[in-house]
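**Q** predicted model, plus sequence, below.
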Amino acid sequence: MMISTDLFNHIFERNVNKMKKVINGKMYNTETAKKMADWYYGYPGDFEYYEEVLYKKKTGEFFLYGEGGPRSKYSDSNGSETYGTCEIIPYSEEQARKWVEEHCSGDTYEEIFGEVEE
C-alpha cells in the first residue's frame, strides 16, 4: 500500500512517543531536546516498521530515539509473545555523524554538522 508523503508525515509526527529516561545519571528527554533528523523503515502498523529520531540536548550531547513493531530491531519478548518497544540510546558525536551519513541527505548532514569539504 502506498501513502502520500503528507499523510505519512502526519502519521509519523502523531506516533512519535515522548520519552524521558535517565541513563548513567544523565537525563534524556525527547520533549526538551532538539530534533535533528529522522528516518523510518516500512509503514506505520507493519510488524517490521521502525522509526529513529536523532536528538541533540542543550548540552550538545546526541541521542537516538527508536521505536518499532514486533518484528523490528526494536522488538522484545516475554517468552511467549513478541512486541514492539521504544528506547533511547546515547550517541557520541561520531556515532551521530555516522548515523546521519547512513540515513540522511548531504544537506541534512551539513545542516547539523556544518559544511563538508569536497
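**A** Structure received. All values reported here derive from a predicted model rather than from experimental measurement.
**Q** what distance do you get for residue 51 to residue 73?
**A** Using Cβ to Cβ, to the nearest Å, we find residue 51 at a distance of 11 Å from residue 73. All C-beta spots, glycine's among them, are computed from the backbone N, C-alpha and C.
**Q** overlap of the contact sets of those two?
**A** Common contact partners of residue 51 and residue 73 (Cβ atoms under 8 Å, 6 or more residues apart in numbering): residue 66.
**Q** neighbour count for the two, which is higher?
**A** Taking residue 51 and residue 73 together and counting by other Cβ atoms under 10 Å, residue 51 has the greater number of neighbours (21 against 12).
**Q** nearest residue to the more buried one in space, please, no chain neighbours.
**A** Among residues not flanking residue 51 along the chain, residue 40 sits closest, at 4.2 Å (Cβ to Cβ, 6 or more residues apart in numbering).
**Q** residues near the one you found, how many?
**A** Using other Cβ under 10 Å, the number of residues around residue 40 comes to 17.
**Q** since that was my last question, I'll sign off now.
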